[in-house]
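Trainee: Only the shape, not the letters, is given here:
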């Protein structure tokens, strides 16, 4: 009897322990179900930092992998920079706060938008004056950076219609702050490829995974280089859409891109813009902008390089329309940068990252300048080289702290070289 009683008691304890284990599993599954239901209701899917749709950043790509019709994401960054004495005061700037709002009408029709607040808010006066969004006079504005409908037809052919990102360079499609290690964008991708560059048009894209080839090809609204406020060294930068969102589209241009990713860790490609240089205000002037780019990544090591150049035909016609003295216009520009980084935590078992980097950026934004008679009046105006050393710390893959020291040197003796120390916080979600 004692033996039977002991066995029965042991069986009861075992059954109780088993029931407790099952109850814990039920509670755990219930919490997962609650979390998933909450996500379905709100659209707050977790961003996949490794996912990219058509070369865009993970937050911009979020709607394409979303489990829900509604998708909400975004990014932001804030920085403090302190230049040398005599080069201005230290500056703090809420550089960007961006909300991505996407919606799936169906599996094949997707709305994707980027709503951007730059430099802390909206500047009604600058917007009313129609200044270019990269123009210092337009600091503080809100804009729909892009807004398009994407018609997903096939892996090899899809069509975007609306205001889209121009598929050029390494930064323009992937401008979220955790995706590049410097605090400020490379000058080449500001003055020659005017990142962030978006325009209204139609873009087709696709990929052939078996051979590692992807492409973009589209028709977009042309630039407007004929702006009286433009200097010769910043005509392209200031020729993109204004903060008002109301921009001319009398003339158009062709944009194309081709990338190869057939080797593990390698991205190599080129892109091109060709079309009218102005929106009909100057006849017979066209713009050619192109770049060659490459990224190679192996373990904690990453190398990025880009060369870009532009050429403006009949630039003298643009010069004749510019009111400010002298009546001159940029005819050609070129530049390149190389960036090398190494994550010192790559060999450790941690999800944190601590990349050290160095970047060399050479910019010649007005390699040739002509007057209204077509006579060359200057060369290498605004030519600079910037060497930047820095470090990033990623406590989590969506959050980064940045510190860098940029040494800027001018080719002309009339300008004083200077150095800038900057710190920043960036994130995406």
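Mentor: In hand now; what should we look at? The shown structure was predicted, so the numbers you read here are calculated from the model rather than taken from an experiment. Numbers count the residues shown, from 1 in each chain.
Trainee: contacts and neighbour counts: CA atoms only from here.
Mentor: Fine.
Trainee: quick one, helices of the stretch 101-250 of the chain?
Mentor: With helices called from DSSP state H, counting those that start in this stretch, the stretch 101-250 of the chain shows them at 124-128, 188-191.
Trainee: excluding its backbone neighbours, what's nearest residue 290?
Mentor: Nearest residue to residue 290, sequence neighbours excluded (Cα to Cα, 6 or more residues apart in numbering): residue 272, at 4.2 Å.
Trainee: and the helices of the stretch 101-250 of the chain, which one's lowest on average pLDDT?
Mentor: Among those, helix 124-128 carries the lowest mean pLDDT, a mean of 49.
Trainee: Torsion angles phi and psi at the residue nearest to residue 290?
Mentor: Taking degrees, to the nearest 10, you get phi -150, psi 140 for the backbone angles of residue 272.
Trainee: correct me, but it touches residue 291?
Mentor: Yes. Residue 272 is in contact with residue 291 according to Cα atoms under 8 Å; the separation is 6.6 Å.
Trainee: Please identify every residue contacting each of the two.
Mentor: Shared contacts of residue 272 and residue 291, defined by Cα atoms under 8 Å, 6 or more residues apart in numbering, are found at residue 168.
Trainee: what about the residue nearest the centre of the chain, distance to residue 427?
Mentor: With distances taken as Cα atoms, centre = their mean, residue 175 lies nearest the centre of the chain, 1.7 Å away. The span separating residue 175 from residue 427 equals 12 Å under the rule Cα to Cα, to the nearest Å.
Trainee: Could you do residue 116 as well?
Mentor: With distances taken as Cα to Cα, residue 116 is found 14 Å from residue 427.
Trainee: now do residue 90
Mentor: Looking at residue 90 against residue 427, where the rule is Cα to Cα, the gap reads 23 Å.
Trainee: same check, this time on residue 152
Mentor: Spatial separation of residue 152 from residue 427 under the definition Cα to Cα is 29 Å.
Trainee: Those two: which has the busier surroundings?
Mentor: Neighbours were tallied for residue 152 and for residue 427 using other Cα atoms under 10 Å; the higher tally belongs to residue 427 (21 against 18).
Trainee: My guess is that one contacts residue 179. True?
Mentor: No. Counting by Cα under 8 Å, residue 427 stays clear of residue 179, with 9.7 Å between them.
Trainee: ok, back up a step: now for the residue nearest to the centre of the chain: which residues touch it?
Mentor: Applying Cα under 8 Å, 6+ apart, one finds that residue 175 lies in contact with 57, 196.
Trainee: ok, now with 10 Å
Mentor: Applying Cα atoms under 10 Å, 6 or more residues apart in numbering, one finds that residue 175 lies in contact with 56, 57, 60, 75, 185, 195, 196.
Trainee: Same check on residue 362?
Mentor: Residues in contact with residue 362 (Cα under 10 Å, 6+ apart) are 186-188, 307, 334-338, 383-387, 408-409.
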